[in-house]
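A.B. asks: Structure for the following, please:
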Amino acid sequence: KSVIIANQAALAAAGSPVVVNWIGADATAFHTFIYNPSKTVPQTIPINYFLPTELTTEDLSLTPAALTTTFNPDQNAVAVTGSPSLDPEAHSLYTIISTDIWDINPTELESFRFQANSLATSLERSSVYPQANTLRQNINTALDTILSLQQQTRTPEAKIQTYRQIQTLHQSVSQGIQELQNLANSNQSSNSLMGFIGGVQAVAVWGMIVIVIAGFIFLSLYMRALYQQTQVEINGEPEISLPLSGPILALPSPHQISASQTEWSRIHLPLSFNLNALTQRKFSFSLVIFSAVLLSTIVLKQQSSLPRNNQVIIAPLEPTVTPSPSPSPLPPPSPSPTPTASPSATILIVPPGIGASVDLRRLPTTNSSVITSITLEEIATIATQSGDWLQVTLTTREPVLTGWLNRNLALIISN
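C.D. replies: Modelled structure (predicted):
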């Protein structure tokens, strides 16, 4: 593909410098081919393009001396610039190597899966387990999608685009793990709080029971005292007087005292005093009953205002993939006829990628034996052409080698 684009650019250049950029097969090599088509004038060829936004200058392991890499804050990407000079009909190839950041380590993905399963399992006996189980299922689905996408990538551009989709899923997985942790923490805090509230409720209920029992005791004492006072008023023979404090005073019967007004006033005084004491006890008892009712009402109101459960409703995790444009240093190729090479034309043999090779064969067929494999760019001369095959001579070899190769693997420099 890159050779075809370079051929098209060379034909359309009409004497202008040719600059072709393309990405290596593993998306870690970024190639720049420049060519001076002039036969008499040296030219300075400007190079200026941007690497994918995910790469930083620290990710670049090899940069040619003729090129400079700097971070451009406006584009949020690393800019590659340079102005190498070329002699007439000269060419050069520059390659920038970066570390492979486009795949997520499967061990990291399995660590996420283990963490999600552990957190959800710890919440199995809680009221929030349905939410936790939904989060776990969404996380496992996102992890399976990431592994599937990483196995389906083929072209360098597709690999970069897939990495951006994976990053979106990776963020949703991290968010789901965080929500699971928050759910587990809130459930633990809720259990501690409910245990404390349960103890307070038990104390309040027993306190209310004690108050009710005390009220019944005071009511029994009050009814007994009221009954005795009624017997005194009916029979006129009080047997027991109940002063507020001090010893109990026994009153004499009427036949033991005279009928004089003065002596009866002696009897009437303690009787009035006992009636006042009973009135005060009645007021005290009413106050106790009122306090008990008020306290019971407050406790019951507080119990009714407590939350019934502590369920946290969390929306299911639905990872969405937002397509984003993939900045690529390559212009999109447009279909056009492949240029025809004439005999004795000079070509540049370019391997399709780092570590790849071009086979030079004895006959123009893929079943023919291989004379040699070309792993680096090399200049050759065309002897003849047969369909998509070129018979070329490697003039730089000692001894000189002649063989056939596919025309799509050769870049025509001059006819």
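
A.B. asks: Please count neighbours and contacts with C-alpha atoms only from this point.
C.D. replies: OK.

A.B. asks: how many neighbours does residue 156 have?
C.D. replies: Close neighbours of residue 156, defined as other C-alpha atoms under 10 Å, add up to 19.

A.B. asks: Over to residue 127?
C.D. replies: Residue 127: 14 neighbours (other C-alpha under 10 Å).

A.B. asks: ok, and for whichever helix or strand residue 133 is part of, which residues are buried?
C.D. replies: Using DSSP states H and E, residue 133 sits in helix 129-152. Along helix 129-152, these residues count as buried under the neighbour rule (16 or more other C-alpha atoms under 10 Å): 129-143, 146-147, 149-150.

A.B. asks: residues in contact with residue 112?
C.D. replies: Taking C-alpha atoms under 8 Å, 6 or more residues apart in numbering, we find residue 112 in contact with 173, 177.

A.B. asks: Return the distance of it relative to residue 106.
C.D. replies: For residue 112, the distance to residue 106 equals 10 Å [C-alpha to C-alpha, to the nearest Å].

A.B. asks: same deal with residue 344?
C.D. replies: Taking C-alpha to C-alpha, one finds residue 344 at 52 Å from residue 106.

A.B. asks: Mind giving me the packing neighbours of the helix or strand just after the helix holding residue 133?
C.D. replies: Next helix or strand after helix 129-152 toward the C-terminus (DSSP H and E): helix 156-235. On a contact count with 3 or more C-alpha pairs under 8 Å, 6 or more residues apart in numbering; DSSP states H and E, helix 156-235 meets helix 106-122, helix 129-152, helix 261-305.

A.B. asks: pLDDT on the longest one, on average?
C.D. replies: Which is helix 261-305. What helix 261-305 shows for mean pLDDT is 54.

A.B. asks: Following that helix in sequence, what is the next regular element?
C.D. replies: strand 346-349.

A.B. asks: thought residue 38 was touching residue 86?
C.D. replies: No. In this structure residue 38 lies outside contact range of residue 86 using C-alpha atoms under 8 Å: 9.8 Å.

A.B. asks: Neighbour count for the two, which is higher?
C.D. replies: Neighbours per residue (other C-alpha under 10 Å) separate residue 38 from residue 86, with residue 86 holding more: 20 against 17.

A.B. asks: The more buried one: what's it in contact with?
C.D. replies: 35-36, 42-45.

A.B. asks: Please indicate which of the residues you listed are buried?
C.D. replies: Using 16+ other C-alpha under 10 Å, the buried ones in the contacts of residue 86 are 35-36, 43, 45.

A.B. asks: got those residues as TSV, with pLDDT, secondary structure and distance to residue 231 columns?
C.D. replies: As requested, these are exported to TSV (pLDDT from 0 to 100; DSSP: H, G, I helix; E, B strand; the rest coil; distance: C-alpha to C-alpha, whole Å):
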residue	pLDDT	secondary structure	distance to residue 231
35	86	strand	131
36	86	coil	134
43	89	strand	134
45	90	coil	128
